[in-house]
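S.K.: how would this look folded up:
(3 chains)
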Amino acid sequence: MKRTISILVANPLSLLGVVLVATVVLSALFADFIAPFPEHRGAVVDFANFNKAPEWPYLMGTDLVGRDIFSRILYAYRISLILGVVVLAIAVPVGVTVGLVAGYFGGWTEYVLMRITDIFLSIPPLVLAMSIMGVLEPTLANGMLAVTVMWWPWYTRLVYNITRSEREEGYVLAAEVIGASPLHVIFREILPNCVPAVVTKMTLDLGFVILIASSLSFLGLGVQPPTPDLGSMVADGAKYLPDSWWLTVFPGLAILVAVFGFNLIGDALRDILGADQ
Amino acid sequence: MSRPLLDIRDLTLGFKGWTGLTEVLHGISLNIQPGERVALVGESGSGKSVTARIVLGMLQSLRSARIGGTVEFDGRNLAQMSRAERQQLRGTRISMIFQDPTSSLNPVYRIGTQFHEVLKREVPGFSYQEAMNRAAEILREVSIVDAERVLNSYPFQLSGGMNQRVMIAMALANEPDLLLADEPGTALDVTVQAQTLDLMRRLVEQHNTAVLFISHNLGVVREFADRVYVIYKGRIVEHGPTTALFDDPRHPYTRALMTAVPRLTGGGVPDIDDDASAFSAPLVDHLAGEGRP
Amino acid sequence: MMPIARLLSKRLGTSLLVLFGVSMLIFAIARIIPGDPARIALGPNATTEQVAALRAALHLDDPVWIQYGYFLGDLLRGDLGVSLYTNRPVTTDIAQFLPATLELVLVAGFMMVAIGLPLGILSARYRGGIADNIVRIVSLLGVSAPSFVWAVILMLIFAFYLPLFPVAGRISDSYSIEAVTGFLLVDTLIAGNFRAFGNAAWHIVLPAFALALSGIGQATRLTRANMVETYDRPYIEMARSYGFPARRIANRYAFKPSLIPSLTIIGLDFAAMLGNAFLVEAIFAWPGLSRYGVAVILRKDLNAIVGTVLIISATFLIVNIIVDLLIAFINPRIRLSQRSS
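M.R.: So this is what the prediction gives:
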């Protein structure tokens, strides 16, 4: 762990990733103290200052009802990160368990579980999440649900492949020969070998969950106003291009910065932990 | 004495990494006359394989590699050649045979296509059909009867022994002056290994090809080589004609290496002294005083 | 070529099974909808009788599995029902909007392969060098933003700031092209109108590139990663020891084996573009499936939602089969082995 961190900081690119992610996380945590206009996260209207290009004190300009875009981005980060953490906290245990079970037991269990996984993987991720959001009310909780439903199969696939190959390894066979229970073999012998790949994927995915969630809200199928959200900010501003460019460009770059940061760290972790895919 | 085909003098190699320079070769000297078969024997990690790769000019382009000393091929210093000139030697005047024939052939190209590429090194304009005719001819030299079928196959369709013959054929196709054989056939069954080694020996004799034979297997070396260098941790520790060296191994490491080979006649697994400090004893040269060859 | 035929029939079988599963999944999702679809469709002013009539017509009063039976029967006859939003058969709607989306996705997919693979090869061949580092950062940036953000950025730069490309649409209004395939790039050629073809091509560049960017990044990263691994294989060392030209080693001997593991994922990325196309179409006012899809989702138009998702999934499965065949074609082990697994 200590070694991992020291390598992360030694490489300029992964260091940049650490800095970007730290910035995003800290600004989400301390939005109340950093944001110049904390009250602008809600349904505030300030028509005297609407649609202003970036100028002091509006670092990134104001939106069509006069709210400070910089402040709203900070609060949007908070929601994106909560969403990402919750989605992974549900999707990863589910996906990993299904993958372990399918890979370990084989036979009919494997066939049924993997075909179900295939069904979920056969619908383009965004389309699946869209259709789930379509029939549910667009709320933050439902957004999390929709993204979770599309996310777990990817972990199943990953863990299933690792389990399948580890299953034939000497140490697993040895454990079975001395009479270890399947539960013991799955969770104490095989699972630890999946950890590097899963952790790497989770780091990358924190970024991609933010990306997909913003895509959903961009289409109007995510978090609803007045809650600040990067995707819907871009969607609302897109009609006013190119004149009011700050309405779209800053929220768009905010997504890019966050996802890029997580990707840089994920990439470095992949190199350090030697995890495949 | 004629000019050696390959003359390595005081060759050093180190790799620059995170923790500083890791030295692999500490100044080894070695030479091969035209048509002569020379073995370089040592345990894995002793620096045998990197030596062959330096001769091929393949480590010179590595940014982390630090190479000292001189390597002369046919009177020309490799370090003074351009990258393109070193590249020009490969596959034409120097060629190499690897440990595992099956994984050394590209899995997604037919043997024929790969043979074509090898032959084009010598004659760039070789057409596919001409190349196939020539390849079939060479394959028959390595006792492959159904050359057409082999050329039409992918490596995974052939046995390890068959792939090894293909490798030997490819290595000798362009009539090189020097063949580097890096533990050839170690990945094969012993009987297949013996057959292919025998074949290789016959062919290099026929074509008068010089060989640098890299191995950890003393038995094989004894049958194959005219002269032997023993390498230990990046240093040559003993050197001499095969018979002299095997009859009278003088360096402690060479002796350990020889006793380490379990005998078919029994006698148990031999004891090896754990104290390796004696292995750092100075070079024993059986030819010293008789003048360097 | 027998093994190929066997592989194809096997994959078609699994795909049909999966498509059947998708139809169940989507049907299930569509039926957990809160509220009465008939009421939503007819609006608040409809009478109770009208709502009851529509419920009967849609079999909404039957148990769910009976409803699914009706649905499946209709599906097998190629009938996806009537869209409650447009009042037209869903198949008609999809036939009208899908070609524009597919055209966009196909061009983007072409860009992904034509740009991503060579960049990956370049990066792997000069790994550790300046070119490699630049390509790595750029490709990582490519995958780090959703395509609508790239659409906005590209539009600002290449349509507004440097007015090189049009801002919106598929073709200028002055051209009227008879729809044969629905693909403008094809229809203009059928009509023999090369100026119109040029105009359509000019319109598709920016949206397709915005859509392709993350795919390009992904294809580059994959190709690089797999090639770097391949470069450590003995057969590459052998190729180098024989002095094969470095460029030939990169483009042939290292690239082809590396393509096999990359292709599956490139296929998945291509399929993901079918979804992401929705995002790009919205920015560039591209008259594809996006506006229709979002509209029917917002109106809870069941038949249209189910139909759209099914069509997209079927397209996805077809792409997957094509990718599998490509892999079999490249990998002699699959092409020639008796057991195709």
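S.K.: Give me the distance between residue C:198 and residue C:204.
M.R.: 11 Å (CB to CB, to the nearest Å). For every residue, glycine as well, the C-beta is placed using N, CA and C.
S.K.: So these two - more neighbours on which side?
M.R.: Using other CB atoms under 10 Å in any protein chain shown as the criterion, residue C:198 and residue C:204 rank with residue C:204 on top: 25 against 11.
S.K.: shouldn't residue C:227 be in contact with residue C:252?
M.R.: No - assessed by CB atoms under 8 Å, residue C:227 is found out of contact with residue C:252, at 11.7 Å.
S.K.: which of these two has more neighbours?
M.R.: residue C:227 (24 against 18).
S.K.: got any ranges where the stretch 51-200 of chain C has weak pLDDT?
M.R.: Low-confidence segments of the stretch 51-200 of chain C (pLDDT under 70): none present.
S.K.: and it, which of its residues are near chain A?
M.R.: C:137, C:140-141, C:143-146, C:148-149, C:152-153, C:155-156, C:160-161 (CB under 8 Å from any CB of the partner chain).
S.K.: Please list the members of the residues you listed that lie in strands.
M.R.: Using DSSP state E, no member of these falls in strands.
S.K.: Compare those and tell me which is most surrounded.
M.R.: residue C:149 (31 neighbours).
S.K.: Could you pull up the contacting residues of that one?
M.R.: A:234, A:252, A:253, A:255, A:256 (CB atoms under 8 Å, 6 or more residues apart in numbering or on different chains).
S.K.: so the fourth one touches residue A:212, yeah?
M.R.: No - taking CB under 8 Å as the definition, residue A:255 is not a contact partner of residue A:212, at 10.8 Å.
S.K.: where do the contact lists of the two overlap?
M.R.: With CB under 8 Å, 6+ apart as the test, residue A:255 and residue A:212 both reach residue C:146.
S.K.: More neighbours: which of those two?
M.R.: Between residue A:255 and residue A:212, counted using other CB under 10 Å, residue A:255 has the larger neighbour count: 29 against 26.
S.K.: For the more buried one, give me its contacts.
M.R.: A:210, A:211, A:214, A:230, A:231, A:234, C:145, C:146, C:149.
S.K.: if I look at the fifth one, how far off is residue B:169?
M.R.: Computed with CB to CB, the distance linking residue A:231 and residue B:169 is 62 Å.
S.K.: just the fourth one next, same as before
M.R.: Taken as CB to CB, the spacing of residue A:230 relative to residue B:169 amounts to 63 Å.
S.K.: which of the two has more neighbours?
M.R.: residue A:230 (31 against 26).
S.K.: Give me the contact list for the one helix or strand residue B:7 maps to.
M.R.: Residue B:7 is part of strand B:6-17, with elements assigned from DSSP states H and E. Contact with strand B:6-17 is made by B:21-32, B:47, B:50-51, B:54-55, B:59, B:64-73, B:178, B:210, B:212, B:234, as judged by CB under 8 Å, 6+ apart.
S.K.: Just the buried subset of those residues, written out for ChimeraX, thanks.
M.R.: Buried residues within the contacts of strand B:6-17, by 16 or more other CB atoms under 10 Å in any protein chain shown, are selected in ChimeraX with:
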select /B:24,25,26,28,29,30,31,32,47,50,51,54,55,59,65,67,69,71,72,73,178,210,212,234
